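Asker: Pasting the sequence and the predicted coordinates here, then a few questions.
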Amino acid sequence: MKIRVKYFGRLAVELGKYSELIDLEENCTVEQFLNILREKHPVLKNEEIEVSVNGHYAPPEMVINSHEISVYPPISGD
Amino acid sequence: MRYIRQSALVNQDSLKKATVMIAGMGGLGGFVALYLAQAGIGKLIIVDHDFVEMSNLNRQILYTIKDLGRKKVDVATTKLKEINPDVTVVPLFKKIDKNFEISENVDVIVDCLDNSESRINILNISRKLHVPYVFGAVEGYMGMVSFVSNAHEKIKKIIKKGSRISSPQVLGATAGMTAAIQALEVTKYLSNNGDLLEDRLVIYDAFSTNFEVISL
């Protein structure tokens, strides 16, 4: 299935885009998605990335059941 | 007369009786303290162990070039008393490490710190004291805020991963926008009105003009 991935913060800056379509297999977990994402975009290889699905915090084991997900970097600046 | 333009929006007596601790008086803390002092919070306990540096001046609203080298909490106390003499300001020149303790009663803690270790310490203190914890962080054009009542473990996971860049690029407007949301959450909570950002994380990316609200 094709899902729309929205990028936030420095992830969008590093990729030079705010969103893109990515093809995922059914029952893909968040962890598997992140592996696919890092393989597709080596610039993200060492990035900490958090994911939300349907507006909910998505832990690594969660199965992606949405056509749109958001990815964002955890940040700590003041 | 000072509060007549907000009298229908907040419970002014509750704000006056409240004590709010602001951890970190940098980019976020300065704006949070400014807005809460203007709103008429009774007591602000401000905590920081840094001195004003030139590199602070692009975003830290309470400091000017005349303040270079001075303790941030001392400068901030003077400025906040000028902004609203009715507010009691308690400056604590301390690092928020594992030994940090707060002896006064506080109603809410606002995290405006710049590193994960201190953030975890203050989160743990809020949990121990059973008071809400208002998380805020900025980087680049992006800000995050959460009003944490129960989702301590999930916000802790996010905080722990957030230490990758020690001195990130930050614009004053990003810090101001993020701090404004933090201050509004405190004001709503103390006034017992509005829909809090409770155990939800708001992310605002000003570069792409995208908002996202995530349930934790």
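Answerer: Structure's in. What do you need?
Asker: going forward, measure contacts and count neighbours with C-alpha atoms only.
Answerer: OK.
Asker: and B:N193, what element?
Answerer: Using DSSP states H and E, B:N193 falls within no helix or strand.
Asker: Contact partners for it?
Answerer: B:V10 (CA atoms under 8 Å, 6 or more residues apart in numbering or on different chains).
Asker: do A:K45 as well
Answerer: When the contact criterion is CA under 8 Å, 6+ apart, the partners of A:K45 are A:38-39.
Asker: So what does it look like in phi/psi?
Answerer: phi -50, psi -40 (degrees, to the nearest 10).
Asker: again, but for B:I46
Answerer: phi -110, psi 130.
Asker: what separates it from B:P132, distance-wise?
Answerer: Remark: distance between B:I46 and B:P132 (CA to CA, to the nearest Å) = 17 Å.
Asker: The two: which is more packed in?
Answerer: Neighbour count, other CA atoms under 10 Å in any protein chain shown: between B:I46 and B:P132, B:I46 has more, with 26 against 21.
Asker: so what pLDDT did the more buried one get?
Answerer: Looking at B:I46, its pLDDT reads 98.
Asker: same deal with B:R164?
Answerer: pLDDT at B:R164 comes out at 66.
Asker: residue contacts, the residue nearest in space to the middle of chain A?
Answerer: By CA atoms, centre = their mean, chain A has its centre lying nearest to A:V71, at 3.9 Å. When contacts are counted by CA under 8 Å, 6+ apart, A:V71 touches A:5-8, A:49-52.
Asker: That one should be in a strand, yeah?
Answerer: Yes - secondary structure of A:V71 (DSSP: H, G, I helix; E, B strand; the rest coil): part of a strand.
Asker: quick one, strands of the chain?
Answerer: Let's take chain A. A:2-7, A:19-23, A:50-53, A:56-57, A:68-72 (DSSP state E).
Asker: my question was about chain B
Answerer: B:19-23, B:43-48, B:88-93, B:108-111, B:133-139, B:142-148, B:200-205, B:210-215.
Asker: What pairs with the first one, parallel or antiparallel?
Answerer: Strand B:19-23 has its sheet partners listed here by DSSP bridges as strand B:43-48 (parallel), strand B:108-111 (parallel).
Asker: Sketch out the low-pLDDT regions of chain B for me.
Answerer: Where chain B drops to pLDDT under 70, the residues are B:163-164.
Asker: Around chain A, pick out the residues from it.
Answerer: Proximity of chain B to chain A, by CA under 8 Å from any CA of the partner chain, involves residues B:26-29, B:112-116, B:136-142, B:144, B:158-159, B:161-164, B:166-168, B:170, B:175, B:205, B:207-208, B:212-216.
Asker: Generate a ChimeraX selection restricted to the buried subset of the residues you listed.
Answerer: In ChimeraX, a selection of the buried entries from the residues of chain B next to chain A looks like this (16 or more other CA atoms under 10 Å in any protein chain shown):
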select /B:26,27,28,29,112,113,114,115,116,136,137,138,139,140,141,142,144,158,159,161,162,163,164,170,175,205,208,213,214,215,216
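Asker: Number of residues surrounding the nearest residue in space to B:L113 that is not next to it in sequence?
Answerer: Spatial nearest neighbour of B:L113, chain neighbours left out: B:G24 (4.7 Å); criterion: CA to CA, 6 or more residues apart in numbering or on different chains. Applying other CA under 10 Å, we find 27 residues neighbouring B:G24.
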